[in-house]
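> coords please:
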Amino acid sequence: MNDDTIQITESSGNVFLDLGFDPAEAEVMKLRAEVMIRTAQQLKAQGWTQAEAARHLRITQPRVSRLIKGKIEDFSLDMLLTLANRAGLHPQLQFSL
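Numbers count the residues shown, from 1 in each chain. Purely as a prediction, here's the structure:
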């Protein structure tokens with residue numbers, strides 16, 4: 001493959017929008033992904049096993065596993081915000097024009 005056949009498209013900053021999702025749905029999915037990633041990072045930083053995390057988050061260990069694996073389709077935004085809070089995070093929503 002030579003350089004003439006490679007086409008690069010600049011990202012919009014939202015991979016879900018770039019994949020063709022409706023703009024409103026793409027924004028919610030982006031928020032869900034960010035909260036999920038940060039919560040998983042927080043669990044790792046706490047050094048908790050999945051069983052310990054399950055107790056702190058008040059969910060089952062298999063659900064913690066799905067959270068850590070990034071199974072975004074298994075979690076609503078409000079559930080992710082609840083779990084983030086239980087993990088010791090304080091997520092905030094900001095609006096911009």
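> residue nearest the middle of the chain, spatially speaking?
What sits nearest the mean C-alpha location of the chain, by CA atoms, centre = their mean, is Ala33, with 2.2 Å.
> mind checking how far that residue is from Thr49?
The gap separating Ala33 from Thr49 is 24 Å, by CB to CB, to the nearest Å. Any C-beta I mention is one placed from the backbone N, CA and C, and that applies to glycine too.
> quick check: closest non-adjacent residue to Thr39.
Ala84 (4.6 Å; CB to CB, 6 or more residues apart in numbering).
> ok, Val28 next?
Closest to Val28 by CB to CB, 6+ apart is Leu77, at 6.1 Å.
> number of nearby residues for the one you found?
15 (other CB atoms under 10 Å).
> same question, Glu25
Glu25, neighbours per other CB under 10 Å, totals 11.
> for the helix or strand harbouring it, packing partners?
Assigned by DSSP states H and E, Glu25 belongs to helix 23-46. Judged by 3 or more CB pairs under 8 Å, 6 or more residues apart in numbering; DSSP states H and E, helix 23-46 is in contact with helix 15-18, helix 50-57, helix 61-68, helix 77-86.
> let's go with 7 Å and repeat that
helix 15-18, helix 61-68, helix 77-86 (3 or more CB pairs under 7 Å, 6 or more residues apart in numbering; DSSP states H and E).
> show me how far that helix is from its chain's centre.
2 Å (CA atoms, centre = their mean, to the nearest Å).
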